[in-house]
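Peer 1: below: sequence and its predicted model.
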Amino acid sequence: MRDVTLTKRAQSRRTWRQRLAERITAPHGLPWGPGRHSHAPPTEPDSDTGATAAVPAPPAAAAVGGGGTALWRMRTTVQDRPGSLAALCAALAVRQVDILSLQTHPLADGTVDEMLLRAPAELPAEVLSAAAATGGGRDTWVERADAHDLVDAPTRVLGLATRTALDAAELPVALRQLLGRCTIRSQPAEPAPAQLDGAGAAPAEGVLEETVMRLRDPAGGSVTVERPHLPFTPTEFARARALIELDSQLGPRAAADQGAPALPAGDGIVVRGADASDLEAARALHARCSRATLALRYHGPVHEADRYLEHLLSPRYGRTLAVQTASGQLVALGHLLWDGEEAEVALLVEDAWQRRGIGTRLLRHLVELAAETEAADVYAVTQSTNTGMVAAMRGLGLPLDYQVEEGTLVITAQLTAAALPARPRSEGC
């Protein structure tokens with residue numbers, strides 16, 4: 001039910017963003033922000049083969065040897081006895097399917113074989129599933145793959161470990177990339193009674209229950225990972241636990257801040273409301289930001305960024321806060337955009353003022369505003385490489401859900417399950 005709820009939310013947000021895009025796009029139709037992705041699991045198992053149908057296929061890969069081919073991921077369970085893998089390979093070979101990589105996951109009642117396949121482009125998922133069944137496979141799951149899947153598993157795991165070692169904010173994203181399509185929720189330490197929802201802290205060794213794993217968060221609390229369409233194997237559970245243990249051993253850390261100093265006390269930095277009268281100051285902020293910073297915020301051609309400001313500064317669509325220096329210059333903008341019972345938060349901090357805590361404090365103000373309006377959740381849509389936004393959302397100390405699809409990261413903070421710690425209302429940062 002939880003996965004279905006998240007899917008409906010993702011679809012409703014996509015519709016909302018499309019409606020907003022229609023209001024603010026130029027004649028060429030550039031959308032505001034990234035497209036929303038459905039996170040629905042694959043369809044119901046096939047009644048004849050017991051295989052799970054694949055997600056809709058993208059265009060076939062480039063032709064190889066005169067015929068088009070496509071990449072697929074397959075996971076199937078075979079009996080743990082000599083010759084079972086050979087029978088599976090032979091059944092696939094009949095269909096001219098090439099096995100590019102293979103991982104095995106031993107289970108108590110068999111072995112899960114996870115394969116990366118290159119197959120003729122015209123071969124549908126149903127035929128691949130039927131071939132696996134002919135070769136003795138059961139509980140087969142198939143979906144399309146891409147060139148990124150050609151990286152072997154040890155290399156991919158080492159890369160994720162390196163990213164996590166360099167920046168603690170990478171942990172949720174690394175888990176998602178390790179385990180594929182799944183939902184990740186983090187529960188802060190020592191929650192109020194209303195937050196417990198029947199589940200206490202995870203034991204040190206973690207818990208694996210088929211499609212759900214619960215692990216102890218190094219920062220306190222727990223991390224829950226759900227993948228309803230495909231059970232986790234003990235090997236995947238061990239890898240996830242090892243990644244979290246690495247994070248725990250390394251302790252608190254952040255990516256290199258290039259020597260940016262923290263904000264000194266009494267430096268005149270204030271947070272205030274912003275509206276259409278701040279349009280020129282906001283455009284000047286855009287002009288001082290790097291292309292990379294603007295791309296992380298707007299997810300589209302950066303030369304179009306100014307076009308969004310009139311709508312973002314309009315009270316019709318939400319609330320905007322600005323961070324202003326003593327000289328009156330805007331160095332950051334934060335937007336709270338209404339989306340039914342939820343609200344979207346978005347941040348832009350000038351390059352020279354990043355890594356000083358401005359984004360974290362600005363985000364907290366926005367979430368407090370959302371809580372005052374009794375919003376159920378707030379979510380941020382960003383890129384999986386934006387560790388600054390990940391860290392800022394984790395710093396709220398609220399239960400979080402993570403969804404990643406094709407590089408787009410959606411982080412949702414649950415306001416109905418917890419309240420932010422009480423803070424005196426002040427215009428100061």
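Peer 2: Good, I have the coordinates.
Peer 1: could you give the bridge partners of residue 142?
Peer 2: residue 74 (DSSP bridges).
Peer 1: report how many residues lie close to residue 278.
Peer 2: Here the number of neighbours of residue 278 (other CB atoms under 10 Å) works out to 20. In short, each C-beta sits where N, CA and C put it, glycine included.
Peer 1: got the phi and psi for it?
Peer 2: The phi and psi values for residue 278, taken as degrees, to the nearest 10, are phi -100, psi 10.
Peer 1: where in the stretch 151-300 of the chain is pLDDT low?
Peer 2: 169, 189-201, 219, 253-267 (pLDDT under 70).
Peer 1: quick one, strands of it?
Peer 2: Assigned by DSSP state E, counting those that start in this stretch, the strands in the stretch 151-300 of the chain fall at 183-187, 207-209, 212-216, 222-226, 270-274.
Peer 1: include mean neighbour count and distance to residue 82 when you put those strands into a markdown table, please.
Peer 2: Output for these, formatted as a markdown table (neighbours: other CB atoms under 10 Å; distance: least, CB to CB, whole Å):
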| stretch | mean neighbour count | distance to residue 82 |
| --- | --- | --- |
| strand 183-187 | 22 | 38 |
| strand 207-209 | 15 | 28 |
| strand 212-216 | 21 | 31 |
| strand 222-226 | 22 | 34 |
| strand 270-274 | 16 | 68 |
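Peer 1: the ones you listed: which one's closest to residue 337?
Peer 2: strand 270-274 (13.6 Å; CB to CB).
Peer 1: dump the C-alpha coordinates for the closest one into PDB.
Peer 2: Taking Å, rounded to 0.1, in the frame of the first residue of the first chain, the C-alpha atoms of strand 270-274 are listed here in PDB:
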ATOM      1  CA  VAL A 270      18.600  37.900   7.300                       C
ATOM      2  CA  VAL A 271      15.800  35.800   5.800                       C
ATOM      3  CA  ARG A 272      12.700  37.700   4.600                       C
ATOM      4  CA  GLY A 273       9.700  37.200   2.400                       C
ATOM      5  CA  ALA A 274      10.100  37.900  -1.300                       C
END
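Peer 1: quick one on the thing from earlier: dump the strands of the stretch 151-300 of the chain to CSV, plus distance to residue 322.
Peer 2: Compiled in CSV, those are given as follows (distance: least, CB to CB, whole Å):
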stretch, distance to residue 322
strand 183-187, 30
strand 207-209, 45
strand 212-216, 39
strand 222-226, 34
strand 270-274, 4
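Peer 1: looking at those, which is closest to residue 129?
Peer 2: Across these, closest to residue 129 is strand 222-226 (CB to CB), at 23.9 Å.
Peer 1: partner strands of the closest one and their direction?
Peer 2: strand 183-187 (antiparallel), strand 212-216 (antiparallel).
Peer 1: can I get the ones you listed in a markdown table including distance to residue 101?
Peer 2: As requested, these are arranged in a markdown table below (distance: least, CB to CB, whole Å):
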| stretch | distance to residue 101 |
| --- | --- |
| strand 183-187 | 25 |
| strand 212-216 | 24 |
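Peer 1: can you show me the strands along the stretch 301-429 of the chain?
Peer 2: 318-324, 330-339, 342-349, 377-383, 400-405, 408-414.
Peer 1: out of these, which comes closest to residue 157?
Peer 2: Closest among those, once you apply CB to CB, is strand 400-405, at 17.0 Å.
Peer 1: next up, the contacts around residue 172.
Peer 2: Shown in contact with residue 172 (CB atoms under 8 Å, 6 or more residues apart in numbering): 184, 186, 223, 390, 394, 400, 402.
Peer 1: from residue 142, how far off is the first one?
Peer 2: In other words, residue 184. 24 Å (CB to CB, to the nearest Å).
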